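Undergrad: Coordinates for the following, if possible.
(chains A and B)
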2 protein chains.
Amino acid sequence: MRILVLGGDGFCGWPTSLHLSASDHEVTIVDNFSRRRIDDELGASSLTPIESLAGRVAAWHEVTGRTIDTIELDVAQDYDGLLAVLERVQPDAIVHFAEQRAAPYSMKTSATKRYTVDNNVNATHNLLAAIVESGLDPHVVHLGTMGVYGYGTAGVRIPEGYLTVGMHGADGEVIETEILYPANPGSVYHMTKTLDQLMFAYYVKNDRLRVTDLHQGIVWGTQTSETELDPRLINRFDYDGDYGTVLNRFLMEAAVGHPLTVHGTGGQKRAFIHIQNTVQCIRLAIENPPATDAGRVRIFNQMTETHRVRDLAEMVARMTGATISYVDNPRNEAPENELLVANDGLIELGLFPLTLEDNLMDEVLDVARAYVERADLDRIPSVSQWVRPRRVPAAN
Amino acid sequence: MRILVLGGDGFCGWPTSLHLSASDHEVTIVDNFSRRRIDDELGASSLTPIESLAGRVAAWHEVTGRTIDTIELDVAQDYDGLLAVLERVQPDAIVHFAEQRAAPYSMKTSATKRYTVDNNVNATHNLLAAIVESGLDPHVVHLGTMGVYGYGTAGVRIPEGYLTVGMHGADGEVIETEILYPANPGSVYHMTKTLDQLMFAYYVKNDRLRVTDLHQGIVWGTQTSETELDPRLINRFDYDGDYGTVLNRFLMEAAVGHPLTVHGTGGQKRAFIHIQNTVQCIRLAIENPPATDAGRVRIFNQMTETHRVRDLAEMVARMTGATISYVDNPRNEAPENELLVANDGLIELGLFPLTLEDNLMDEVLDVARAYVERADLDRIPSVSQWVRPRRVPAAN
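TA: Numbers count the residues shown, from 1 in each chain, chains lettered A, B, ... in the order given. Okay, the predicted model is just below:
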């Protein structure tokens, strides 16, 4: 298939592009390099040294003989450019990663909140409007987040996007209705993915677009079968307080001899997925598209296991001898939560889950140790605060 | 109270600003004149001749001795300007009308879809982010729409924003939970108000802002007790296919001897409110703010009655002798729907509903007749189409 990967230079986008190319698809990456720009803004950088996108695709061609096209374009800002790309490439599928994806970054300042909302909403809406204007019928595969559901729905297994509820009718009778699972996001970033959901639902209903929304857990791991073929193909590895995801951060902390920083009690239960499974899930969604004119967004939960953050920390501590440091939780959330998640959809399409039991943590530790001299320990703490002090209300 | 009215030059904003000023509040209007600019873009104009905003507030001062401040500012584009206004005015309440509000305009072209989403989302989010950054605690009163609920929930009385549903727990037990009423918008414009809802919910939860969301029905009528004090205070009257709301459009069509244009069967049941009640509702919401730190958006349905479109057409035809012309429905919607709506909240705060029984239709007819020579009949048809033909799906 012809596949556009919007945001194909990022942490999930790059290995996805390689995996799709390796699977005989014709891949075109569209990226505005915002993730590299934010590194500069934060004075942070990937623990692993990453090539320029031009260098990456040249190395991929050299190693495999396969070609990946690249286009520098800001999907949120350059609508006409996006429309021209659609009309030229005529994609069968479009993977949409073109969003700011870090919750702590989205809570940092007014400017980062506003950038996250403006960029993510306009990227998604420009894509939908351009597809309608083009008259094409590509299958959109979007990276959502488990965070659209919110946490703390104790005792309820989170379904794949939809929930059947009973509503009381005019005469007191119960009417069973299927609704989108009620949104309860935990950050401005997560909120943008709940806005995306409503935009997808509308365009699928009104314009009969085909959309799969993949509500992903926290990704861990660095390398995939494709990125490890050559050092120039290596994936980025974020460990800073904004972009570093929790398990990778613990493994990197262990590698550099830093205490594992657990926020609050570490009682937050989260969903996880290995990056190798991420790229497989996206391929499975693309190769098994929903029916034309389904009239309903297809939603899968893209995760393979759930763990409490403190249990992960203890596991890494046992593996490595690292100590654990409990620090204040910058997030505004319940200290402890349950989390039960359905993930049947992708399993039925053929996903074989990789889990923490599969000894893949060693790979991450090895990568972290290999680049330990590049680490800047000052970047580890999360300095974003979810809530700032308010002034006394103005007198009425 | 000190009150900012964002979008205070528009059809609802202007009479609201006057009503609040007449009620002894200190009003500052913020507007970017986008509604006047869109008139130019569409080659349409208000049936009533409206003064410049400077002329309007000068006339208000001359007639009543009261002062309304005005600031030209684009809330969606000029965040720093908005923050400076908040810090200078220190408002007790902010009425947020600063959104593109016509469904047909929002469906016209890719450009108008994109403008509607970009403007409405960023206006709302800039306001929320600026309030948090300012540290102030103003009460935000937002104009939502009945259209967030969607139509066609046959037999269910639409509650005021929230719905208690039964969800099945892990052991099959039913867990009763209050959720935001599931969104089912009927246009890109209505969709933006469902996005607003989620942004309000998040900021109220995380930052403890105080927000009232008023889900308004279709407004009819032109004049209020304040706008009729002087011809220079007259409210705008839209009759074009994009901005003209259905009952005002019928009354204007009757006044100029044009057939009443009913879309489809006219079986759509809609909620209505007179402009005089609109301004009272907003005042009631402001003068009865929710508790500080309520942690939940207060939602009221701002409507007083429901009618089928064809029944309205028949009523106007009987009143005036006009004929009815059934034309294709440009909207993508069910031809017939039921609509039962709760509106207890504003009634409890003291709203006295004006209805079609109150002979206010004569006022609208009189206004339309008075300015009949300004009418451009070519502007009456709605030319926006909800759905455009799609190409055949690309072969996989």
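Undergrad: Can you classify A:N235 by secondary structure?
TA: Following DSSP: H, G, I helix; E, B strand; the rest coil, A:N235 is assigned to coil.
Undergrad: quick one: contacts for it?
TA: Contact partners of A:N235, counting by CB atoms under 8 Å, 6 or more residues apart in numbering or on different chains, are A:11, A:14-15, A:48, A:50, A:222-224, A:227, A:275. Heads up, the C-betas are built off the backbone N, CA and C, glycines and all.
Undergrad: so what secondary structure elements neighbour the helix or strand harbouring A:A129?
TA: Assigned by DSSP states H and E, A:A129 belongs to helix A:110-134. Applying 3 or more CB pairs under 8 Å, 6 or more residues apart in numbering or on different chains; DSSP states H and E, one finds that helix A:110-134 contacts helix A:79-89, strand A:93-96, helix A:103-106, strand A:139-145, helix A:188-207, helix B:79-89, helix B:110-134.
Undergrad: Mind listing what's buried along that helix?
TA: Neighbour-count burial for helix A:110-134, counted by 16 or more other CB atoms under 10 Å in any protein chain shown, picks out A:110, A:112-134.
Undergrad: Now do the same contact list for A:T265.
TA: Residues in contact with A:T265 (CB under 8 Å, 6+ apart) are A:310, A:326, A:335-336.
Undergrad: Hmm, A:I94 is touching A:I3, no?
TA: Yes - counting by CB atoms under 8 Å, A:I94 does reach A:I3; the two are 7.2 Å apart.
Undergrad: leaving aside the residues next to it on the chain, what's closest to A:L339?
TA: Excluding the flanking residues, the one nearest A:L339 by CB to CB, 6 or more residues apart in numbering or on different chains is A:K269, at 4.1 Å.
Undergrad: Ok, A:E99 next?
TA: Nearest one to A:E99, counting by CB to CB, 6+ apart, is A:N120 at 4.3 Å.
Undergrad: Against A:E160, how distant is that neighbour?
TA: When distance is defined by CB to CB, to the nearest Å, A:N120 is 22 Å away from A:E160.
Undergrad: what's the answer for A:V141, then?
TA: Distance of A:V141 to A:E160, given as CB to CB: 15 Å.
Undergrad: So the two - more neighbours on which side?
TA: Each of A:V141 and A:E160 has its neighbours counted (other CB atoms under 10 Å in any protein chain shown); A:V141 has more, 27 against 20.
Undergrad: Report the buried residues of stretch A:73-84.
TA: Buried-residue list, stretch A:73-84, by 16+ other CB under 10 Å: A:73-76, A:78-79, A:81-83.
Undergrad: and which of the residues you listed is nearest to A:D376?
TA: A:D74 (28.3 Å; CB to CB).
Undergrad: for that closest one, what are its contacts?
TA: Contacts for A:D74 (CB under 8 Å, 6+ apart) come out as A:32, A:34, A:81.
Undergrad: For those, could you give me JSON lines that also reports pLDDT and distance to B:H168?
TA: Listed next are these as JSON lines, based on pLDDT from 0 to 100; distance: CB to CB, whole Å:
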{"residue": "A:N32", "pLDDT": "98", "distance to B:H168": "43"}
{"residue": "A:S34", "pLDDT": "97", "distance to B:H168": "41"}
{"residue": "A:G81", "pLDDT": "98", "distance to B:H168": "47"}
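Undergrad: what packs against the lowest-mean-pLDDT helix or strand in chain A?
TA: When each helix and strand of chain A is scored by mean pLDDT, DSSP states H and E, strand A:162-168 comes last, with a mean of 84. With contacts taken as 3+ CB pairs under 8 Å, 6+ apart, strand A:162-168 sits against strand A:174-180, strand B:162-168.
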